[in-house]
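Visitor: Prediction below, plus the sequence it came from.
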Amino acid sequence: AEGGDGGVPDGFDGDPERRSEAAQAHTAFAFDREESPVHVPLIINVLLVNLGPDAEPASFRLDTDEFERLLFQLKPEHQPTCIETGEKLHVAYEIYYDVTHVSKSDSASLAETLRRNMRHAGAVQHSDSITGVNTPKGSGEKQGFVPVFEVPVEGEVEAEYERIYQTYRNVRKYGVDLPEDGQGKYGLILVSMDKDALAPANVTDALAIKEKKEGKAGRPAHSYAYRYTYGTKSGTDSFVSSSRFAVVDLSAGPSSYGNTAQGEGAVIASSIPRKYFAKWEPSAEEAKGRSLLRARSLNFQAKLATIVHSSVTHVFAPDVQFDSLDFSEKVLVPIMVFQDHRMFDPLAPGHAYSVDIERIRAQLQRIAMPGQKVEVVTGRQNLLEHERIAIALNKAQRADTVHESYKGRYVLRSKHYLDSKVLFEELKSSSDYLASGLIAASPVLSSEFFPDFEGAGDLAQKQKNSKWALGTRVLPVFLFSLEQPGDPILFDQLSAFAASKDAVLVIQSGFDSVPIPFFSGGKQLLLSLRDPTAAILAGVGSALGGLVPPQTAFSQLQGKTVTSMLWAHGGTPFGPFGNSSSYSQIAIDQVLGNSFASRMDASIDRVNHALLQMDEFAGTYLFDPLGESVETSKRMGWLERLKKRSELEDGGAMPLSYATVRDLHDEVLALEDVFSQGAEAMYRLESVHSHTLSDEIFAKASAFHSHAINSLSHANLLLDCCSVTHQTIPRTRWTFLARAFLVGLIACCVVALVAFLNPRKQARRKPVVH
């Protein structure tokens, strides 16, 4: 599809011999972050399985060009937000949707794989999206219940989805050459399976026996349900893979899960446009009169587009957790275990409470920047021997109380938790070196930490191999292994970990089934605190790479984080529905993208600050009170004004010379070009190249900031002894004659006006009578 035919924006050119859209979209970078951010193209390949011209119901028949246009119109770009500050980044993703139908052969292969991996897991109560009606008596199942089958994703099923994603990933719809091992396209696979053909053997056998006894039987699609599982016991109809795609199955479930404490983001039957909802079929009244197929089709497309856009904001282009910059050559992650018992050693391998140090070391190296080395060290301490840390734990304990009515009386229930912010501050300010010493060993890596460069020589001294030589960053992980004889304690976000830019906190205990306020399939979710490996990976990924849980995003409209549990399952270490001990390829890409976005954001902030100072200086010393010259009709910028004034001064010394400002202007143009190159490299996911360019961008932006601020400071210092005055307009030799002419003209006009208003009176004559 090209141009208006397929909904593709005009101007997209992926010819390798020419610059990509990333360069064309970036014409200036000194701007408001919400109006004109740096654009990085992002292609999302939306794969449709069994949603073609012969799909059932008829409202599920999607036209790829029409659906593409809808997606482009609803969300052409997405600008992530830094959750720590609540501000949008200077980087925005310009989204290009590639909607493609999957072939029937690939659909049949997927159906066979799903059918082969179904495992019977009990019964589930019927709903309109499964049976449409109650299960009749004598069907072999409990009244109102149907068998449910679980499909484990890890293994053969995920490999089949990966094969389909790879098959359609390299389709050159936009003419872009993508690297084999690069990001290129992300995939969102929307599945609508035929449950009649997918039915397991025991379901079809039961229906055959029923038909033999009663003479009739219902449809197989209405006689069972299936759902996916990914690392946990919670069933789901959507998941994020360990690769670069996500899946939403419209025929699975319906699965329900979410937070019991707050209803926001919970997944229920209506969260997904289910294939077997009766609302997608024509009603009896509709069959007699006018068809509403078009209305149902548009309704279905709107709901599907909402899911696609949710995947953009939560999965493929998520927000950034922290406003941080990491230019260190080495990252040291000390995992310090503080335990108040002797029941087990968390660092000893081979038992149920072991921390998988080797896996943590391998996974952390995956999220390291190119050329950066991550080293993990461990240590075990008795908590009772570190009273300051034990006191910090006690100070951070809080309790939520709830009064519930029970048989006419109020019963008090309390839930204890750890306030992570209080615990971070207490550890930072404690006199225990293993706490405050490790936290203070590495400075806070924010844009304010790095000084400016004084010039090219200073830049060369502070750089090494085109990188910042800032030594080692220390990110301590404090693992509290507690006996907890009472109720187990979690952190304030009902999680086993808490992360900041300075440290990571993790809780471990012997409890294997901790009830938490989350539900799945009508049952309360249970959390295991035995193995903290996934919690450590989640915390370090958040602190080191700025990763955000896939169910979390920041809403600019509401000014807070919002939740969508639709993406909570999958290959992610963020709980409670994810429990993977490895990072997905999407997360690895996000770490690189977060680093690039943070450096671009900090660079643009510095350039903007310098330009604002320059404009303020120009407004004070180079412009007249009205902001425009009354001597010339030509509109001039302050660079041209400075050049003209320099010529009028006959080459004399000025506080801010034209040559200095011209050099600053050339630096701005050079920065604009390198910003465009960085956007291109980021789009093609050239890891080493984009990382090097982001270093270069930040270095040049800092050098420009230093050059501009120092030049302005020097000029202001020279002008401190003076005051700003505005002279009158210089008069020419024709001034006197022009004034005399104007005065005479005005006098004549006044005389003529007076004569006209006061006409001369004529003498009246007495008439003569003869």
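Guide: Great, that's in hand. Residues are numbered from 1 along each chain as shown.
Visitor: Nearest the geometric middle of this structure, what residue?
Guide: With distances taken as Cα atoms, centre = their mean, the residue of the chain nearest its centroid is Pro318 (1.8 Å).
Visitor: if I look at the closest residue to that residue other than its chain neighbours, how far off is Val315?
Guide: Distance criterion Cβ to Cβ, 6 or more residues apart in numbering; nearest residue to Pro318, sequence neighbours excluded, is Val548 at 5.1 Å. Every residue, glycine included, has its C-beta placed from N, CA and C. Val548 is 10 Å from Val315, where distance means Cβ to Cβ, to the nearest Å.
Visitor: top helix in this structure by residue count?
Guide: Ranked by number of residues, the top helix in the chain under DSSP state H is helix 585-621.
Visitor: Which elements pack onto it?
Guide: strand 91-101, helix 533-545, helix 638-648, helix 658-683, helix 687-718 (3 or more Cβ pairs under 8 Å, 6 or more residues apart in numbering; DSSP states H and E).
Visitor: and Gly510, backbone torsions?
Guide: When read as degrees, to the nearest 10, the backbone of Gly510 gives phi -80, psi 0.
Visitor: quick one: it and Met343 touch, right?
Guide: Yes. Between Gly510 and Met343 there is a contact under Cβ atoms under 8 Å: 6.8 Å.
Visitor: higher neighbour count, the two?
Guide: Gly510 (16 against 9; other Cβ atoms under 10 Å).
Visitor: Name the nearest residue to Pro515, ignoring sequence neighbours.
Guide: In space, Pro515 is closest to Gln524, 5.4 Å off (Cβ to Cβ, 6+ apart).
Visitor: so what's the closest residue to Leu434 other than its chain neighbours bridging to?
Guide: Nearest residue to Leu434 in three dimensions, chain neighbours excluded: Met336, at 6.0 Å (Cβ to Cβ, 6+ apart). Per DSSP bridges, the residues bridged to Met336 are Gly379, Phe478.
Visitor: Burial check on Met336, number of neighbours?
Guide: Neighbour count of Met336, defined by other Cβ under 10 Å: 20.
Visitor: Test my guess that it contacts Gln381.
Guide: Yes. Counting by Cβ under 8 Å, Met336 touches Gln381, with 6.6 Å between them.
Visitor: any shared contact partners between those two?
Guide: Leu434 (Cβ atoms under 8 Å, 6 or more residues apart in numbering).
Visitor: isn't Ala111 right up against Asp196?
Guide: No. Distance between Ala111 and Asp196: 10.7 Å, which falls outside the contact criterion (Cβ under 8 Å).
Visitor: The two - which one has more neighbours?
Guide: Ala111 (19 against 13).
Visitor: which residue sits closest to the more buried one, ignoring its sequence neighbours?
Guide: With Cβ to Cβ, 6+ apart, the residue lying closest to Ala111 is Leu198, at 5.5 Å.
Visitor: So for Leu89, what's the pLDDT?
Guide: Here the pLDDT value assigned to Leu89 is 83.
Visitor: next one: Ile507
Guide: 92.
Visitor: so who does the closest residue to it other than its chain neighbours touch?
Guide: Leaving aside its sequence neighbours, Ile507 sits nearest to Ala496 (Cβ to Cβ, 6+ apart; 5.0 Å). Counting by Cβ under 8 Å, 6+ apart, Ala496 touches Leu490, Val506, Ile507, Gln508, Leu527, Leu529, Pro532, Ala535, Gly575.
Visitor: Check what pLDDT Ile746 gets.
Guide: So, for Ile746, pLDDT stands at 75.
Visitor: repeat for Ile536
Guide: 94.
Visitor: Distance check, it against Thr378.
Guide: 11 Å.
Visitor: how about the strands in the stretch 351-500 of the chain?
Guide: All strands of the stretch 351-500 of the chain, identified by DSSP state E, counting those that start in this stretch, fall at 373-382, 397-406, 409-418, 463-464, 467-468, 472-474, 477-481, 490-491, 497-499.
Visitor: Same list (these) but as a markdown table, adding mean neighbour count.
Guide: Output for the strands of the stretch 351-500 of the chain, formatted as a markdown table (neighbours: other Cβ atoms under 10 Å):
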| stretch | mean neighbour count |
| --- | --- |
| strand 373-382 | 15 |
| strand 397-406 | 10 |
| strand 409-418 | 12 |
| strand 463-464 | 14 |
| strand 467-468 | 18 |
| strand 472-474 | 18 |
| strand 477-481 | 25 |
| strand 490-491 | 20 |
| strand 497-499 | 26 |
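Visitor: Tell me which of these lies nearest to His78.
Guide: The closest approach between His78 and any of the strands of the stretch 351-500 of the chain, judged by Cβ to Cβ, belongs to strand 497-499 at 24.1 Å.
Visitor: what separates stretch 419-429 from the chain centre, distance-wise?
Guide: Its chain's average C-alpha position is 27 Å from that of stretch 419-429, according to Cα atoms, centre = their mean, to the nearest Å.
Visitor: mean confidence for that stretch?
Guide: Here stretch 419-429 scores 89 as its mean pLDDT.
Visitor: Name the helix or strand for Pro53, please.
Guide: Here Pro53, judged by DSSP states H and E, is contained in no helix and no strand.
Visitor: phi, psi of it?
Guide: For Pro53, the backbone dihedrals are phi -60, psi -20 (criterion: degrees, to the nearest 10).
Visitor: Neighbours of it, how many?
Guide: Neighbours of Pro53 (other Cβ under 10 Å): 9.
Visitor: What distance do you get for the nearest residue to it once chain neighbours are set aside to Asp601?
Guide: Leaving aside its sequence neighbours, Pro53 sits nearest to Arg61 (Cβ to Cβ, 6+ apart; 5.7 Å). Relative to Asp601, Arg61 is positioned 43 Å away (Cβ to Cβ).
Visitor: Glu385 now?
Guide: Distance of Glu385 to Asp601, computed by Cβ to Cβ: 43 Å.
Visitor: More neighbours: the two, which one.
Guide: Asp601 (24 against 9).
Visitor: Surely the more buried one touches Thr85?
Guide: No. With contacts counted by Cβ under 8 Å, Asp601 stays clear of Thr85, the gap being 10.0 Å.
Visitor: Need the residues touching each of those two.
Guide: With Cβ under 8 Å, 6+ apart, Asp601 and Thr85 have common neighbours Asp323.
Visitor: Provide the secondary structure category for Ile507.
Guide: strand (DSSP: H, G, I helix; E, B strand; the rest coil).
Visitor: Which strand residues bridge it?
Guide: Counting by DSSP bridges, Ile507 forms beta bridges with Phe480.
Visitor: and it, how many neighbours does it have?
Guide: Neighbours of Ile507 (other Cβ under 10 Å): 23.
Visitor: just Ser310 next, same as before
Guide: So Ser310, with other Cβ under 10 Å, has 17 neighbours.
Visitor: tell me the SS of it?
Guide: helix.
Visitor: I'd like the distance from it to Lys275, if you could.
Guide: When distance is defined by Cβ to Cβ, Ser310 is 19 Å away from Lys275.
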